[in-house]
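Chemist: next one to model:
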Amino acid sequence: MRLTATRRIFIAAFLALTLLPGLQTATRWLPEMTIDEQRTLAAPPSIAHPDRYMQQANSWFSDHFGFRALLIRLKATIDYHLFRVSDKVHVGRDGYLFYRTTLDVEKPAIDEYLIKHEAAVIRGVRRYAEALHQKGIGMVMVVNLLGDRFEPEKLPASVAQRPPLRRIDSLIEKLKRIPNVTFIDSTALLLEAERSRPIFHRTDFHWNDPAAYPVAKAVVDTMSRAEGVSGSVWTHPLRYETQSFSGGIARFMPLMSSPSERSIFVTPSWQWPAGFTSVSGPAPYTDVSHVASGSVGLLHPVLFVGDSFMDAWMRNGMAAYFKSSYRLRWAKGLQLSAITAAIPSDARWIAIQFVEVQESAMLAFADEPDVTRSLEMLKTRRAP
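Modeler: Presented below is the predicted three-dimensional model:
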């Protein structure tokens, strides 16, 4: 039986697709695409462990066969554009993207944790705030809900139909009533801002910078009143512009071309004080700022403790209103005693911010032995 031209082409294409990955693996004759998988790929097998050699070889081949990244990107692109699905991202309506890990794992885990440990978290915050107050240090707290709480209609149906996880609401309501804690209601401020402009990116996990503006300003306004300032030291208006943007969730999807959006970003409208300097570090701080000695009209030094949502505070000129500022970032295993040890000797404020799935913050305040250690450290601290 003679093969038709179409069949010959099909067979040739099939053989090429079968053989080319192996040829590419052996020769690397063409440049390879890359993808960021948020993990370390398998190392080559080693004869140092002969009992695991075949397992290591299999893992290495799975991570390094020819055109692997291209094939992954092709599959992901087809899934996204034709079926509106992605392995690691929930594809919502109108271009909104949500991390699967956040909605499927982290939020249920925090909800379950708070069912068991909410009282311990509240008790830790109350004890710590009282100890800070006795040393003349004010405590301001902000808890950020995530984008799905503000844009539930943008969730895919498979997520929107789930029972709501609202234990975080109970925690927030209790935090508002703790003495010596100035709680800034970011949810109320964002709902007000949402009436006139978007507050979350479509392709990124984070709020946009203009959304953070009223929250950062409220923190400074509160501190200003406590320091007896008439009005507030915060003076600059909100200004922003629209730019093309492809956020972290979009880049996390291994597509041939990442989704993008038109989003809003703050344009600077503040003045840095005389002699203002900002540097990365030194440890344990991520960054530190100072102004010229003798500067007036500024708030007393502050220790900021927050996560990536706090970055937007800083992009709104937050540090311009303090004589000095020090920044710590929530990280796995960060204990309250380490935060206490990092409070500068001249600090009069500590501003604590975390998102609703920030497990490190919950654990820090619920760790009663470490909270007690922190209180003992504060007892020996000289008042500013």
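Chemist: could you use CA atoms for every contact and neighbour count after this?
Modeler: Fine.
Chemist: from Leu103, how far out is Ala109?
Modeler: 10 Å (CA to CA, to the nearest Å).
Chemist: more neighbours: which of these two?
Modeler: Leu103 (18 against 15; other CA atoms under 10 Å).
Chemist: average model confidence for stretch 328-338?
Modeler: In this model, stretch 328-338 has a mean pLDDT of 97.
Chemist: buried set for that stretch?
Modeler: For stretch 328-338, a neighbour-count test (16 or more other CA atoms under 10 Å) marks Leu328, Arg329, Trp330, Gln335, Leu336, Ser337 as buried.
Chemist: any idea how far apart the tips of it sit?
Modeler: 10 Å.
Chemist: which residues does the residue nearest to Arg167 when sequence neighbours are not counted contact?
Modeler: Among residues not flanking Arg167 along the chain, Asp111 sits closest, at 5.4 Å (CA to CA, 6 or more residues apart in numbering). Shown in contact with Asp111 (CA atoms under 8 Å, 6 or more residues apart in numbering): Leu165, Arg166, Arg167, Ile168.
Chemist: before we move on, what SS does Asp111 have?
Modeler: helix (DSSP: H, G, I helix; E, B strand; the rest coil).
Chemist: strands - which of the buried residues of stretch 328-338 land there?
Modeler: Leu328, Arg329 (DSSP state E).
Chemist: quick one: buried residues of the one helix or strand Val219 maps to?
Modeler: Take DSSP states H and E as the rule and Val219 turns out to sit in helix 209-226. Neighbour-count burial for helix 209-226, with 16+ other CA under 10 Å as criterion, is recorded at 209-224.
Chemist: who are the packing partners of it?
Modeler: strand 181-184, helix 186-193, strand 261-266, helix 311-314 (3 or more CA pairs under 8 Å, 6 or more residues apart in numbering; DSSP states H and E).
Chemist: returning to what we had before: ok, so what distance separates the residue nearest to Arg167 from Glu359?
Modeler: With CA to CA as the criterion, Asp111 and Glu359 are 11 Å apart.
Chemist: Ser325 now?
Modeler: Going from Ser325 to Glu359 by CA to CA gives 25 Å.
Chemist: which of the buried residues of stretch 328-338 sits closest to Leu378?
Modeler: Using CA to CA, Ser337 comes nearest to Leu378 of the buried residues of stretch 328-338, at 9.6 Å.
Chemist: the closest one against Arg373, yeah?
Modeler: Yes: assessed by CA atoms under 8 Å, Ser337 is found in contact with Arg373 at 6.4 Å.
Chemist: list the residues that contact Ala119.
Modeler: By CA under 8 Å, 6+ apart, Ala119 lies in contact with nothing.
Chemist: name the element it belongs to?
Modeler: Counting by DSSP H and E, Ala119 is part of helix 107-134.
Chemist: coming back round to it: distance to Ser260 for the buried residues of stretch 328-338 - can I get that in JSON lines?
Modeler: Below are the buried residues of stretch 328-338 laid out as JSON lines (distance: CA to CA, whole Å):
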{"residue": "Leu328", "distance to Ser260": "31"}
{"residue": "Arg329", "distance to Ser260": "28"}
{"residue": "Trp330", "distance to Ser260": "29"}
{"residue": "Gln335", "distance to Ser260": "38"}
{"residue": "Leu336", "distance to Ser260": "39"}
{"residue": "Ser337", "distance to Ser260": "42"}
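Chemist: quick one on the thing from earlier: let me know the pLDDT of the residue nearest to Arg167.
Modeler: Reading off the model, Asp111 has pLDDT 97.
Chemist: any idea how far it lies from Asp148?
Modeler: Taking CA to CA as the measure, Asp111 falls 15 Å from Asp148.
Chemist: what about the stretch 251-384 of the chain, any weak spots by pLDDT?
Modeler: Low-confidence segments of the stretch 251-384 of the chain (pLDDT under 70): 383-384.
Chemist: show me where it has its helices.
Modeler: Taking DSSP state H, counting those that start in this stretch, the helices of the stretch 251-384 of the chain run over residues 311-314, 336-341, 359-366, 368-379.
Chemist: as a markdown table, those with distance to Val85 would be great.
Modeler: Output for the helices of the stretch 251-384 of the chain, formatted as a markdown table (distance: least, CA to CA, whole Å):
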| stretch | distance to Val85 |
| --- | --- |
| helix 311-314 | 30 |
| helix 336-341 | 40 |
| helix 359-366 | 28 |
| helix 368-379 | 43 |
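Chemist: for those, which one sits closest to Ala120?
Modeler: Closest approach to Ala120 among those (CA to CA): helix 359-366, 4.7 Å.
Chemist: so Thr187 is in contact with Gly147, correct?
Modeler: No: applying CA under 8 Å as the test, Thr187 and Gly147 come out as separate, 10.8 Å apart.
Chemist: compare those two (neighbour count), which wins?
Modeler: Gly147 (21 against 17).
Chemist: now that one. Nearest residue, chain neighbours left out?
Modeler: Per CA to CA, 6+ apart, closest to Gly147 is Phe200, 6.2 Å.
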